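Engineer: Got a sequence here, can you model it:
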Amino acid sequence: MIVVQKYGGTSVGDVDRVKRVADRIARTRRAGNQVVVVVSAMGKTTNELIKMAEEISDDPPGRELDMLLTAGERISMAVVAMALHELGVPARSFTGSQAGIITDARHGKARIVDITPGRVKEALDDGDVVIVAGFQGVSQDTKDVTTLGRGGSDTTAVALAAALDADVCEIYTDVDGVFTADPRIVPDARKLDRVSFEEMLELAAQGAKVLQVRSVEFGRNYGVEIHVRSSFSYSQGTWVGPEEKKMEDAIISGVAHDTSEAKLTLKGVPDKPGVAARVFTALAEANVNIDMIVQNVSAEGVTDISFTLPRGETKHADEVLSTLSDEIGATGVDIDDSIAKVSLVGAGMKTHPGIAARMFAALSDAGVNIEMISTSTIRISVVVDGDDVETAVRAIHDAFDLSDGMVGKEQGA
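Structural biologist: Model (predicted):
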């Protein structure tokens, strides 16, 4: 049986935690399994490396920044391998490139295009535990080191599990699983036993940080079930896998929130065919990721177009739109970086009317103003003022009784 395990930065945050993780890995290996372990950088190493780079340069070259940031995971893989050797368990560490993680050439947010795990398989056949540095790969074109973006170690683990046809992919973190809301905001949030790929994709995309979106996509596309669990206990966590239809399934899975986005508004845009296409084509060519989009009702032949995007990309997007603004005859760009997004997610909502009305009523009763709205068949998202995010999460969570023993089974009533 092949088991892939991933340990996050908190799980390997110091020497004592590294030893505890090594003990867990050793137990898995001694149970007769072949084990591949993906590790993140220890503690806040990545943040410290980013801070160092920012103190040196306002705009460090992407290639060199990736070279710097991947050092954190290389440290982790080596010390975990050393800890296993101390326990009498043979282990071999590999960087992302050595493990065969092949990516495109986009530094900072590269995408995996192939995995050639020949050296990993060879090490497993030799009886070694394999430790792989997460979050990184190598470009198939430039042969440079690349990074996969925040949470990229999750993607590394699930992709390796798919390539190795592993029996299970365990994502170890500092929480017990996937909850109906962030327990730091809603202390009585409930841990879910199981979440569908589709629901987890929406939760992750809307701010739930327990799994990276692309790791869930890999799991869904290649049929790899993911077990999210705590590295500090041996209790069962949350299984993420194909949707399983059962009687009285919960309508709502949870409430996610995201405080990492900003809202840009292109003002006074001529309301005529082709203008919106020019705006979003320019942003796409600049690799700016767009989330929610709202175009206001036209008045006197002009309109405003608002959209949300990662806060770290606002400067780049502002430069693109400021240049484009003159070309298309718009009047300027406004930036609001004090917003938050709150989302209600559940596969059952698509067949139950009244979900949106109940959500909006809960926000109104809590005195929270809605700035933007976006929906899918299993998700409703709103943009609110950043100061209102915790109030909004609690109000929605309470409105749908997500802490109750019914876990939302009667939320559409």
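Engineer: can you pull out the strands in the stretch 151-300 of the chain?
Structural biologist: Secondary structure of the stretch 151-300 of the chain by DSSP state E, counting those that start in this stretch: the strands cover 168-173, 194-196, 226-230, 238-241, 254-258, 261-270, 293-295.
Engineer: Highest mean neighbour count out of these?
Structural biologist: Stretch with highest mean neighbour count among the strands of the stretch 151-300 of the chain: strand 254-258 (a mean of 26; mean count of other C-beta atoms under 10 Å). For the C-beta atoms, the positions are set from N, CA and C on the backbone; glycine is no exception.
Engineer: Mind giving me the packing neighbours of that one?
Structural biologist: helix 197-205, strand 339-345, helix 389-399 (3 or more C-beta pairs under 8 Å, 6 or more residues apart in numbering; DSSP states H and E).
Engineer: repeat that for 7 Å
Structural biologist: strand 339-345, helix 389-399 (3 or more C-beta pairs under 7 Å, 6 or more residues apart in numbering; DSSP states H and E).
Engineer: List phi and psi for the nearest residue to residue 127 once chain neighbours are set aside.
Structural biologist: Nearest residue to residue 127, sequence neighbours excluded (C-beta to C-beta, 6 or more residues apart in numbering): residue 90, at 6.1 Å. Backbone dihedrals for residue 90, given as degrees, to the nearest 10, come out at phi -70, psi 130.
Engineer: if we can go back for a sec, winner for burial among the helices and strands packed on strand 254-258?
Structural biologist: Highest mean neighbour count among those (mean count of other C-beta under 10 Å): strand 339-345, with a mean of 26.
Engineer: Contacts made by that strand with the rest, please.
Structural biologist: Strand 339-345 is contacted from outside by 199, 202-203, 206-207, 252-259, 261-263, 308, 359, 371, 378-386, 389, 392-393, 396, using C-beta atoms under 7 Å, 6 or more residues apart in numbering.
Engineer: pull the CA atoms of it into PDB?
Structural biologist: Provided in PDB are the C-alpha atoms of strand 339-345 (Å, rounded to 0.1, in the frame of the first residue of the first chain):
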ATOM      1  CA  ILE A 339     -13.100  44.500   1.700                       C
ATOM      2  CA  ALA A 340     -13.800  40.900   2.600                       C
ATOM      3  CA  LYS A 341     -15.600  38.100   0.800                       C
ATOM      4  CA  VAL A 342     -18.000  35.700   2.700                       C
ATOM      5  CA  SER A 343     -19.400  32.600   1.000                       C
ATOM      6  CA  LEU A 344     -22.000  30.100   1.800                       C
ATOM      7  CA  VAL A 345     -21.300  26.700   0.200                       C
END
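Engineer: Could you list which residues are in contact with residue 301?
Structural biologist: Counted by C-beta under 7 Å, 6+ apart, residue 301 has contacts 270-271.
Engineer: before we move on, the earlier item: and the helices and strands packed on strand 254-258: which comes nearest residue 333?
Structural biologist: strand 339-345 (15.5 Å; C-beta to C-beta).
Engineer: Can you list the strands that that closest one pairs with?
Structural biologist: Strand 339-345 has the following sheet partners, assigned by DSSP bridges: strand 254-258 (antiparallel), strand 379-385 (antiparallel).
Engineer: Please tabulate the ones you listed in a markdown table, including the columns mean pLDDT and distance to residue 315.
Structural biologist: Formatted as a markdown table, the strands paired with strand 339-345 follow (pLDDT from 0 to 100; distance: least, C-beta to C-beta, whole Å):
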| stretch | mean pLDDT | distance to residue 315 |
| --- | --- | --- |
| strand 254-258 | 96 | 19 |
| strand 379-385 | 96 | 20 |
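Engineer: Nice, that's everything, thank you.
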